[in-house]
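Colleague: Could you work out the structure for the sequence below:
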Amino acid sequence: MKIAAFQGSPRVEGNSELLLREALRAIDEAGHEIQLFKLNLMKIRPCQDCGGCDQTGVCIIRDEMDEIYKTVREADRIVLASPIFFFGLSAQAKAMIDRCQAFWCEKYLLKRPLPDGPYGRKGLLILVGGMKKEVGIQCSEATARAFFRTVSVPDHETVGFLSVDAKGAILEHPTALRDAYEAGKRLIALP
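Modeller: Alright, predicted model coming up:
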């Protein structure tokens, strides 16, 4: 299987990255191919809502999203990890998702959804935030659900952790790393 993984946090070795690393460890141990994108280190312009992809399903902006487009097309599984900022995904994750408007046009306007591939397409969303209320997970999950459906991922699991804010604080959570690892294993399990 081919896995596209997106690290949406700007914080190096932060809680999102630690959780993502555990999920990817489970996938790597099973021998699958992983392409990891650290979005904060990439040159990705925000969507300009220019309509350039309306007729073709291809974004007219040339930047590092080109590699993401190619990888998403070929992926059997997609993993998105993000901190929750102001009840939403990080700006880095959201910029990447917004640029997937080209996939939206391809799927809904041009009626050319991405093919299922030999294993079907599934996703995993990993969220972590300092707030105590579920609304942060709910709002972030709604955006991620729209992203996953746009790239023809009909099913995804969300693993979220609240009241975790300080860098590395997820290491003190009694089950978080194991939960992320097990979610990685479930992502690649075949029916």
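Colleague: which residues in this protein form strands?
Modeller: 2-7, 33-38, 77-83, 122-128, 155-161 (DSSP state E).
Colleague: Within its sheet, name the partner strands of the second one and how each one runs.
Modeller: Paired neighbours of strand 33-38 in the sheet (DSSP bridges): strand 2-7 (parallel).
Colleague: next one: the fourth one
Modeller: Strand 122-128 has these partner strands in its sheet, going by DSSP bridges: strand 77-83 (parallel), strand 155-161 (parallel).
Colleague: as a whole number, average confidence for it?
Modeller: Mean pLDDT, strand 122-128: 98.
Colleague: quick one on the thing from earlier: including mean pLDDT, mean neighbour count and distance to Ala180, could the strands paired with strand 122-128 go into TSV?
Modeller: C-beta here means a position set from N, CA and C on the backbone, and glycine is covered the same way. Compiled in TSV, those are given as follows (pLDDT from 0 to 100; neighbours: other C-beta atoms under 10 Å; distance: least, C-beta to C-beta, whole Å):
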stretch	mean pLDDT	mean neighbour count	distance to Ala180
strand 77-83	98	27	9
strand 155-161	97	17	6
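Colleague: okay, those in JSON lines with distance to Arg121 next?
Modeller: Formatted as JSON lines, those follow (distance: least, C-beta to C-beta, whole Å):
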{"stretch": "strand 77-83", "distance to Arg121": "7"}
{"stretch": "strand 155-161", "distance to Arg121": "8"}
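Colleague: got a list of what the residue in the chain sticking out farthest from the centre touches?
Modeller: Residue farthest from the centre of the chain, counting by C-alpha atoms, centre = their mean, is Gln55 at 25.9 Å. If a contact means C-beta atoms under 8 Å, 6 or more residues apart in numbering, then Gln55 has Leu110 as its contacts.
Colleague: Ok, which of the strands paired with strand 122-128 comes nearest Thr143?
Modeller: strand 77-83 (9.3 Å; C-beta to C-beta).
Colleague: then the closest one to CSV, C-alphas only?
Modeller: Output of strand 77-83 as CSV, limited to C-alpha atoms (Å, rounded to 0.1, in the frame of the first residue of the first chain):
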residue,chain,number,x,y,z
ARG,A,77,-4.3,5.6,2.6
ILE,A,78,-4.1,9.2,3.7
VAL,A,79,-3.1,10.4,7.2
LEU,A,80,-3.5,14.0,8.4
ALA,A,81,-2.1,15.1,11.7
SER,A,82,-2.8,18.6,13.0
PRO,A,83,-2.9,20.6,16.2
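Colleague: ok, which stretches of the chain are helices?
Modeller: Per DSSP state H, the chain carries helices over the ranges 15-29, 65-74, 91-98, 101-104, 135-150, 176-188.
Colleague: Kind regards, and thank you for your time.
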